[in-house]
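Student: sequence and predicted structure are below.
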Amino acid sequence: MAGPKPEAAGGTRRRTPGPGLRVAAGTRVAVQGELGSFSHRAACRLFGPRIDPVHCASFDEAFGAVRKKKADLALVPIENTLAGSIHKNYDLLARHSLEVIAETSLRVEHSLIVHPGVPIGRIRRIYSHPAALDQCTRLLGRLRGVERNTSYDTAGSVRFIRDRGMRDAAAIASEDAARIYGMQVLLRGIEDDPENYTRFLALAPRKRYPRGGEKTSIVFGLRNEPGILFRALSVFALRNIDLSKIESRPIRGLPWEYLFYLDLRIDVRSRECAHALRHLRELAPYLKVLGSYPVF
């Protein structure tokens, strides 16, 4: 089982930068957050700048937008190299019938953003997403007496302080967000660790896109028997199939029962993968292929 590489969370090297999964101009892509959010930036990188973003207040709303046909695709974060897995989206992957069609990663670079001309000594309040605040603790520790306020989105926090004329407030977000909302970057690169990457999954209705690529993601449940997880994972080890990620999540309503999520470095169309999944079905009462897809 390979560990994570600096290029991306989850241990998958990213391909050449630039739009990867070509979609038609005007394709509606649901993302959590405002214009200029990291999810919006990742969507433009993966699909190209001519998409029509559908901005959602929550991950549930992004999944629901595709299900209700308010969006054609969704792009959601699944893992960050510092904060770890985004458990909410693992749960939503199991609950919804959407399919993973691509993966991309984005370096997360935070900036301290204010109204033009506001000095750092005037800041009394800082707004951002909780994860962004957690990733900038060194700077926040130096700003003594400054109130920290959470927002549902990094870019949304920039828009919030702009629309309310809050000249004693700052936001933590991307430099793109400052440009989009006409605000000023006071400090750049304020994250505690520069090796800060987020991995995103592109989602579509099932059977809308051809299945296949260098990664395959699955979720399965097992009976509560001694050694059953070892036997389940052995179906991949016996065929030299590399696991780049394993995650367990509790099953709601069934105390101490779990679903297991695996990322495999193999195309689901390969003979080895087909044999492994057939073997796994003999052990797992529940098995779902979440997608087999390229990585960009």
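Tutor: Arrived safely, thanks for sending. Because the structure is a prediction, the values reported are computed rather than measured.
Student: next one: P205 from A43, what distance?
Tutor: 17 Å (CB to CB, to the nearest Å). The way it works is simple: take the backbone N, C-alpha and C, and place the C-beta from them, glycine included.
Student: per-domain residue ranges of this structure.
Tutor: Domain ranges of the chain: 26-107+195-205, 111-188, 215-293, per automatic domain parsing.
Student: coming back round to it: which one of P205 and A43 has more residues nearby?
Tutor: Of the pair P205 and A43, A43 is the one with more neighbours under other CB atoms under 10 Å, namely 27 against 16.
Student: dump the domains of the chain into CSV; add distance to G20 as well.
Tutor: CSV is the format used below for the domains of the chain (distance: least, CB to CB, whole Å):
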stretch, distance to G20
domain 26-107+195-205, 5
domain 111-188, 19
domain 215-293, 11
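Student: mind giving me the packing neighbours of the helix or strand harbouring R148?
Tutor: Here R148 sits within strand 147-150, counting by DSSP states H and E. Applying 3 or more CB pairs under 8 Å, 6 or more residues apart in numbering; DSSP states H and E, one finds that strand 147-150 contacts strand 125-128, helix 130-134.
Student: how about residues contacting that strand?
Tutor: R124, R125, I126, Y127, S128, H129, P130, L133, L140 (CB atoms under 8 Å, 6 or more residues apart in numbering).
Student: now do stretch 114-121
Tutor: Contacts of stretch 114-121 (CB under 8 Å, 6+ apart): 112, 123, 143, 161-162, 165-171, 182-184, 186-187.
Student: buried only: go through those residues for me.
Tutor: Neighbour counting with 16 or more other CB atoms under 10 Å marks L112, I123, L143, I161, R162, M166, A169, A170, A171, M183, L186 as buried within the contacts of stretch 114-121.
Student: where does the prediction get shaky in the stretch 101-250 of the chain?
Tutor: Within the stretch 101-250 of the chain, no range satisfies pLDDT under 70.
Student: where do the strands of it begin and end?
Tutor: Using DSSP state E, counting those that start in this stretch, the strands of the stretch 101-250 of the chain run over residues 111-114, 125-128, 147-150, 169-173, 184-188, 197-205, 215-221, 243-250.
Student: what lies in contact with the second one?
Tutor: Residues from elsewhere that reach strand 125-128, judged by CB under 8 Å, 6+ apart: 112, 133, 136, 140, 143, 146-151, 154, 157, 160-161, 166, 168-173.
Student: next, count neighbours for D134.
Tutor: By other CB under 10 Å, 13 other residues sit near D134.
Student: swap in the one 4 residues further on?
Tutor: R138 has 11 neighbours, counted by other CB under 10 Å.
Student: report the contact partners of the residue nearest to it when sequence neighbours are not counted.
Tutor: Among residues not flanking R138 along the chain, D192 sits closest, at 5.2 Å (CB to CB, 6 or more residues apart in numbering). The neighbours of D192, taking CB under 8 Å, 6+ apart as the test, are L82, Q135, C136, T137, R138.
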